[in-house]
Each structure stands twice: as C-alpha cells, then as structure tokens.
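Student: give me a 3D structure for the following:
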Amino acid sequence: MVQTPLAQTAAHDSAVETELPKALLSGRYRVEKCLGEGGMGVVYRAEHVLMKKTVAVKVLHPEMTQNEEVVARFQREAQAAANINHPNVCAATDFGQTEDGAFFLVIEYLEGDTLHTTLSTYHKLTPLRSIHIAQQICSALDQAHEQGIVHRDLKPENIMLVERDDDPDFVKIMDFGIARVSMEKSDGYKTPARLTKAGMVYGTPHYMSPEQVVGGEIDARADLYSVGVVLFEMLTGRLPFESDNLVQLMGMHVTKAPPRPSEVVTGVTIPKALDALVVKLLAKSPEQRHQSAEQVRNELLVIGELLEHSAPNASPGQTLVAAIAPVARQASSFGTPWVQWFKALNFATKAALGGALAAGAFVLGLSFVLSAVAPSPKAQTAAVVRAAQTLSAERESFVEELGLEQALAEAANGDFAKLQAFEEQRPANAHILYLLGIVHANANLWSEALDHYDRAIGLDKRYVHEPRVLDDVFMRFESRTVADATPAEAFLVKHRNHTATLRLEKLAQTGPTHPVRRRAFDTLHKSGEFAKRDAWSRAAMELRAASGCTEHKEKIAQLVSIGDKRSLPALRAVEALPRSGCGFLKRQDCHACFREDIKAAIEKIDR
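Tutor: Here you go, the predicted model:
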C-alpha cells in the first residue's frame, strides 16, 4: 500500500476553503485558518490561547478514528516528532482528542516552501545548495536513527525550507506518519509493537528503497536510499527512475542500476566525489550503502568544503584546505578506489603545498586544524611544510616499493589479510601502521584504528600532525556516546600537540553541544595545556563550562575586563542559546538571569 501524508502544511498562503471549528480545540487552541485538507484529515493554523503562540494542528476526520491502523500511525507521528529534539525536525508539542472524539496533533507552525515546491520553481539546485540541504537532512536523520526512529517516507514534499538565522534553506523534516518507532509503550494509547505486516509496502514509490519495495525488513539505511533519491533530484531536476507504470517503477528500484547525476544533467559540473556519493546511496543492498546518516553528512561536509574553496579567487591557504579536506575525514575515502585516492592525496598535497610556499603563505597549520581557529604564526613555518611533504613522499615511495597497491585495494573492501601480513613482516614500520589505521577507521573499527595510529606515532612522531589521524580522532572525540569518546580523549592527552590543542580550544569555546565542550575543557586540563592558553581564552572556555547564574555572570565580567575581541564568538554562542527549556512546558528562558550581561558585554568588547 502506498501512503500519502495527512495533509501538507507547506504553503501557508494556499488556504483551502472549509468550515472552521467554532469551539476551542481541546479547550486551548483557537483555529484561525485552514491550511490544507486530505483524505485523512485537515491541517489548521491555530493559536494557543494561553501561551499566545501560533501552531499548526492536524485533525483526523472523525470517521478515521474507527480505523485502528490510521490512529496508530497518527500516534506514531506524534511520538516520533515529540521525541526527536533536533532543529531540523518539525517539533510536535501536543496530542489528544477533541470533544467529538477526533484525534489531533499540534506541531510547529512553519512558513516557507516544501523542497518539492522549490524544485518546481527552480527545476534543479546548484551542487553547493543541494549539499547544504542534504547535510541538514542527514543531521536530523542521524538523531532520529539513534533513537530507533526510521522515517520511511522521506521525499521533497516532507521537507520544508524555511528562513532561519539568515539561512533561507533551513530544513524542517515533517510527516513521520509511517515512521518505524522503536520505543517503549507509553501510558494511555496503545502502540502495536509492529504496525507493518510482512510483505506490505509503505512509502512513496519514487523514493522507496529496494527493501521497502519488496516488503522486507528495513532499518535506517532505507532512509539513506531516500536521501540519495532526493539528492539526485536536487542536482539534476529529475528522478533516477521514472515510469508511468507503478509496478515497473517499483521494479526499477530493485533491479535497474541508477545513472550517475553527471550523466543526466547539463550545464552543471557535478564533482566526482558527489557523483560517487549519490551512486553509493542508491546501492540496491543496504550493506553497500553508507552505514549511517552521520557518515553521509561528514562526506557531504568534505565535498562542500572542497567546492566552496575551489573558486578562481581562492587564496593559497584556501586551496590547501580544499586539497587536503577530502582526505581529512573518514568520509573522504568512500566511493573512490583506495589506491587512486592515496595517489591523488599525495599529488594534491604536493601541488597545494607548492602553491602555498610560492606565495609565501605557510598555512599548513590551518589545513591540519580544518576549523575556524587560526594557528599562531609560529606554527606556520617552512619546516612544518617540508616535514609534511617529506612524510607524504616517503609513504608514497614505500607503497610503490613494496607493491602494496593490491593489499590496499583489498583492505578498502574490508579484507585486511594481505596488509596485515605486510605488517607482521615489518612490525616496526609507521607507514603500514598508519595505513592500517585508515582502513580500520573506514570500516568503523575504531578501537583498532586508534591503536594503529598510536603505534605509528610511537615509531614516527611526524604522524601526530597527520590531518587524517587528527580528524579521525576528533570524529570519535565529538561522539554523543561517552564510551566512543573516551578512547579518543585518552589519545589526545597522550599525544598532545599544538594542532590538537587549537582544536580542543575551539571546541571548548564554541563546540556544538555541552558534553563536547565540557569534554574538550577537561581534556585540556588533563593534558596540562589549559594553563598555557591566553587569559581571554581560558575565561571564554570557563564561561562555556559554567553552571548557574552567578558563575556565568562572573565569567562574563572577567571577559569584559580583559576586553579581547577574540572572545566574541564564545559570547555570541552563549547569546544564541535557546530562550526556552525551563519552567512550565519548558517554555521559560533558562538563561534569562544573564541575558542582559551578555548583550552588554558584546556591545562593550565589540566597539
């Protein structure tokens, strides 16, 4: 069975003429306008009369309340949207029944267009814009998947683009109505353990994974296939599989190889790495796709960095970052034969470093950091550049001399036997250990990867600055799971160096979550590097680690007395904290007591 959304909230200005409820819904929602109507129900714009907040309310048609499966799916949408606390997911705030027994769901009111409407207007999007949108989709899916929620109906109609913080393409994923929710039963309404029956098909045909088409068991990787279809459509203006015959269309998902986006689009150059990423997402077997939304997002970030810094007027430093970025993350080696990737790395690094040296811009520290923190001028030396060149050249020669190409190719596909055999013959070789670290990281065998990196550094200290090592370690360090992050934290304490310290300093000041910021703060203390940081930096990190009103106020005052403009990013990050999360219904500002202090501090320092 093919499922369609209850009704779209996409275009707020396309109201449907229908009679509005006169009474307050559930005694607290005043209906103002009908936004859309479907076979299952109606979507209204409403106001919470007590909180004076505009919301969207989905109401099931009364006759639908007799359909247990429809009600269960409606409840499932409520559970999914309410339990995914992510900025790129349309939030649900209430669920219940009206006096006449109709079920309703209150969700975030959004003003904008669906991605479907945007594509209808522009036909196709630029690679950078497509990457920006896809990154946000993957970020939201990553959190949903961690909570056991699989969307199963991801498509442009369910992706809203709204303006938020000067971003006109801020993503909001909607309609989790046929999501698979793996969570405990809540009190009240009963949720069947399995709402889908074996052999039943749920989803939208153009965007369904092969395993959905055949009614098989699905997991998070089914959503990644849908991401591939959506990304293909954004890049090309068409779908990878098209047919007026529904059965034929669904059969294509199972049997027909997808074209590369570059094969069907004209007038646009699509990077090979992006081409390969889409093809991998559209693999027939889930095992052949990326294994997590986080992997896809990281790879998109790398490709985006490369595109953004490859403009004709890019500086030598930007060119260097762009050249090294594709190999600085785990995601970079996916979709490319390992040996070709390895050789391309050496060529790109040499070319970029040569350009930087010719321009007199010794910015290797920046390429290693790959963050907004600029290294000190002392770290930008010709000696560091030459050391990196030498290590890269030595490794390339080593691979060619020993004929490791076949062993590396097999290791890239998960067979480490030949490469490990070389390591057993040469147990004290840093190059082999480094290469083993990479292939184990690519296979998500992180304990083994960090062990090989650790041993490589023990034999050759130059590897402590290797961008791939640092980025793999920091990828684990920033994990939401403490068990994953702890070995990376120990690694950074053991192998402390200037580049890693700069990244930790940046994370402690403006990291994405409080656990990551606190972890970076503690790691700097454990490594003895915290006391060596500038006074403004120490105060900024202490501000982000502060708890309670008094402590925040003290650190803000300290930063004002220091008066260093480099502390502004940390202060602005605090200023940008949500103005909710405490009190009744978590609608009160947890940080109200120092809002004025932050505002005044920024104004004074930024004069």
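Student: leaving out sequence neighbours, find the closest residue to E32.
Tutor: Excluding the flanking residues, the one nearest E32 by C-beta to C-beta, 6 or more residues apart in numbering is R45, at 5.0 Å. C-betas here are computed from N, CA, C, even on glycine.
Student: can you give me the helices in the stretch 151-300 of the chain?
Tutor: Using DSSP state H, counting those that start in this stretch, the helices found in the stretch 151-300 of the chain span residues 210-213, 220-236, 246-255, 261-264, 272-281, 293-308.
Student: quick one: closest of these to L445.
Tutor: L445 lies closest to helix 293-308 among the helices of the stretch 151-300 of the chain, at 14.0 Å (C-beta to C-beta).
Student: please point out which parts of the closest one sit buried.
Tutor: For helix 293-308, a neighbour-count test (16 or more other C-beta atoms under 10 Å) marks 293-307 as buried.
Student: average pLDDT across it?
Tutor: Regarding helix 293-308, the rounded mean pLDDT is 84.
Student: pull the number of nearby residues for the nearest residue to I159 once chain neighbours are set aside.
Tutor: Among residues not flanking I159 along the chain, L115 sits closest, at 4.2 Å (C-beta to C-beta, 6+ apart). For L115, the neighbour count with other C-beta atoms under 10 Å is 24.
Student: swap in F241?
Tutor: 20.
Student: find the nearest non-adjacent residue to it, please.
Tutor: M252 (4.0 Å).
Student: likewise H132?
Tutor: Leaving aside its sequence neighbours, H132 sits nearest to D169 (C-beta to C-beta, 6+ apart; 5.9 Å).
Student: against R45, how distant is the one you found?
Tutor: 23 Å (C-beta to C-beta, to the nearest Å).
Student: and what of K461?
Tutor: K461 is 63 Å from R45, by C-beta to C-beta.
Student: give me the more crowded residue out of the two.
Tutor: Neighbours per residue, other C-beta under 10 Å: of K461 and R45, the larger number sits with R45, 18 against 13.
Student: pull the distance from the host helix or strand of that one to the chain's centre.
Tutor: Here R45 sits within strand 41-48, counting by DSSP states H and E. Relative to its chain's centre, strand 41-48 lies at 31 Å (C-alpha atoms, centre = their mean, to the nearest Å).
Student: state the paired neighbours of it in the sheet, together with their directions.
Tutor: strand 29-37 (antiparallel), strand 53-60 (antiparallel) (DSSP bridges).
Student: Throw these into JSON lines and include mean neighbour count, distance to A546 and mean pLDDT, thanks.
Tutor: Shown next, in JSON lines, are the strands paired with strand 41-48 (neighbours: other C-beta atoms under 10 Å; distance: least, C-beta to C-beta, whole Å; pLDDT from 0 to 100):
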{"stretch": "strand 29-37", "mean neighbour count": "18", "distance to A546": "38", "mean pLDDT": "84"}
{"stretch": "strand 53-60", "mean neighbour count": "22", "distance to A546": "30", "mean pLDDT": "87"}
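Student: excluding chain neighbours, what is closest to G414?
Tutor: A443 (5.8 Å).
Student: state the pLDDT value of the one you found.
Tutor: Looking at A443, its pLDDT reads 82.
Student: same question, L110
Tutor: 87.
Student: for the buried residues of helix 293-308, which one is nearest F95?
Tutor: Distances from F95 to the buried residues of helix 293-308, taken by C-beta to C-beta, are shortest for A293, at 26.0 Å.
Student: is that closest one in contact with L224, as I believe?
Tutor: Yes: with contact defined as C-beta atoms under 8 Å, A293 reaches L224; the gap is 6.5 Å.
Student: spit out the residues that contact these two alike.
Tutor: Residues touching both A293 and L224 by C-beta atoms under 8 Å, 6 or more residues apart in numbering: L141.
Student: give me the residues contacting the helix or strand that contains L450.
Tutor: Assigned by DSSP H and E, L450 belongs to helix 446-459. Outside of helix 446-459, the residues within contact range by C-beta under 8 Å, 6+ apart are 428-431, 433-434, 436-438, 440-441, 463-464, 469, 472-473, 476, 484, 487-488, 491, 494-495.
Student: what helices and strands are in contact with the helix or strand that that helix is followed by?
Tutor: Using DSSP H and E, the helix or strand that follows helix 446-459 in sequence is helix 467-477. Contacts defined by 3 or more C-beta pairs under 8 Å, 6 or more residues apart in numbering; DSSP states H and E place helix 467-477 against helix 364-369, helix 430-442, helix 446-459, helix 482-494, helix 498-510, helix 514-526.
Student: let's see it at 6 Å
Tutor: If you count contacts as 3 or more C-beta pairs under 6 Å, 6 or more residues apart in numbering; DSSP states H and E, helix 467-477 packs onto helix 482-494.
Student: in the helix it packs on, which residues are buried?
Tutor: By 16+ other C-beta under 10 Å, the buried positions in helix 482-494 come out as A485, P487, A488, E489, F491, L492, V493.
Student: what does it contact?
Tutor: Outside helix 482-494, the residues within contact range by C-beta atoms under 6 Å, 6 or more residues apart in numbering are L450, V473, R476, F477, S479, A500, T523, K526, S527.
Student: least trustworthy helix or strand in the protein by mean pLDDT?
Tutor: Across the helices and strands of the chain, mean confidence by mean pLDDT, DSSP states H and E is lowest for helix 364-369: a mean of 27.
Student: what mean pLDDT does the very next helix or strand once past that one get?
Tutor: With elements assigned by DSSP H and E, the helix or strand that comes after helix 364-369 is helix 382-402. If you average the pLDDT over helix 382-402, you get 77.
Student: next, the contact list for L224, please.
Tutor: Contacts of L224 by C-beta under 6 Å, 6+ apart are L281, R289, H290.
Student: in those residues, which residue is surrounded by the most others?
Tutor: L281 (26 neighbours).
Student: need the buried residues of helix 482-494 in TSV (columns: pLDDT and distance to E99).
Tutor: Below are the buried residues of helix 482-494 laid out as TSV (pLDDT from 0 to 100; distance: C-beta to C-beta, whole Å):
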residue	pLDDT	distance to E99
A485	94	50
P487	96	56
A488	97	55
E489	97	55
F491	98	60
L492	98	59
V493	97	61
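Student: any idea which of those residues is closest to G511?
Tutor: Nearest to G511 among those, with distances taken as C-beta to C-beta, is A485, at 12.0 Å.
Student: reformat the contacts of helix 482-494 as a markdown table; add distance to T236.
Tutor: Output for those, formatted as a markdown table (distance: C-beta to C-beta, whole Å):
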| residue | distance to T236 |
| --- | --- |
| L450 | 40 |
| V473 | 37 |
| R476 | 35 |
| F477 | 37 |
| S479 | 34 |
| A500 | 41 |
| T523 | 44 |
| K526 | 50 |
| S527 | 48 |
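Student: out of those, which are buried?
Tutor: L450, V473, R476, F477, S479, A500, T523, S527.
Student: touching, the last one and R496? I think so.
Tutor: Yes: between S527 and R496 a contact is recorded at 4.3 Å, counting by C-beta atoms under 6 Å.
Student: which residues touch the spatially closest residue to V59 that is not a sequence neighbour?
Tutor: Closest residue to V59 apart from its sequence neighbours, by C-beta to C-beta, 6+ apart: F104 at 4.6 Å. Taking C-beta under 6 Å, 6+ apart as the criterion, F104 is in contact with V57, V59, T98.
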